[in-house]
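Student: coords please:
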Amino acid sequence: MRAVIQRVTRAKVTVDETQVGSIGRGLVVLLGVGHADTQADVEYMATKIAGLRIFPDAEDKMNLSLAQVGGAALVVSQFTLLGDCRQGRRPGFSQAAPCEQANALYEAVVGRLRGMDIEVATGVFQADMQVELSNDGPVTMLLDSKKEF
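Tutor: Coordinates of the predicted model:
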């Protein structure tokens, strides 16, 4: 499972010009699910997302987590994070999970975050979405549950 995490002051996602999710201060999580991912990857990602200390404390040091600042998460499924661009110019997606598996694990991450009392907004799985955000910092982190990077 891979994620691009961006600290934001606000963000929203729209589908067919209709807003389907929005947050204020918090994290935008673009989440890609791989075919080898399991519930262990769900747990790793949710725990890591909730606990990353990337918000400033009183001394302006990145020392506080999403949970500590009462922030929200906008979680958007993005299978292209599993794209392999090492050969040629067209990415291959053989590492991405099939739709049914990907959606189940994506929903499991969302559910786990909500179970940690984090407000979560989402996009629409498999939809053509537009994500707008105001990156705070900017702070952007990359996560991989298999720790490949």
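Student: Give the buried residues for the biggest helix by length in the chain.
Tutor: The longest helix of the chain (DSSP state H) is helix 99-115. Within helix 99-115, the residues scored as buried using 16 or more other Cβ atoms under 10 Å are Ala102, Leu105, Tyr106, Ala108, Val109, Val110, Arg112, Leu113. C-beta: built from backbone N, CA, C; applies to glycine.
Student: Stretch 140-149 too?
Tutor: Those would be Leu143, Asp144, Ser145, for stretch 140-149 by 16+ other Cβ under 10 Å.
Student: For the closest residue to the first one other than its chain neighbours, grab the count of nearby residues.
Tutor: For Leu143, the nearest residue in space outside its immediate sequence neighbours is Ala3; the separation is 4.4 Å by Cβ to Cβ, 6 or more residues apart in numbering. Taking other Cβ atoms under 10 Å as the criterion, the count of residues near Ala3 is 23.
Student: Just give me the residue right at the centre of this structure.
Tutor: The structure's the chain has its C-alpha centroid closest to Val29; by Cα atoms, centre = their mean the separation is 2.0 Å.
Student: Out of the buried residues of stretch 140-149, list just those in strands.
Tutor: Leu143, Asp144 (DSSP state E).
Student: ok, so of the buried residues of stretch 140-149, who is nearest Leu133?
Tutor: Leu133 lies nearest to Leu143 out of the buried residues of stretch 140-149, by Cβ to Cβ, at 17.4 Å.
Student: separation between that closest one and Arg90?
Tutor: Applying Cβ to Cβ, to the nearest Å, the value for Leu143 to Arg90 is 26 Å.
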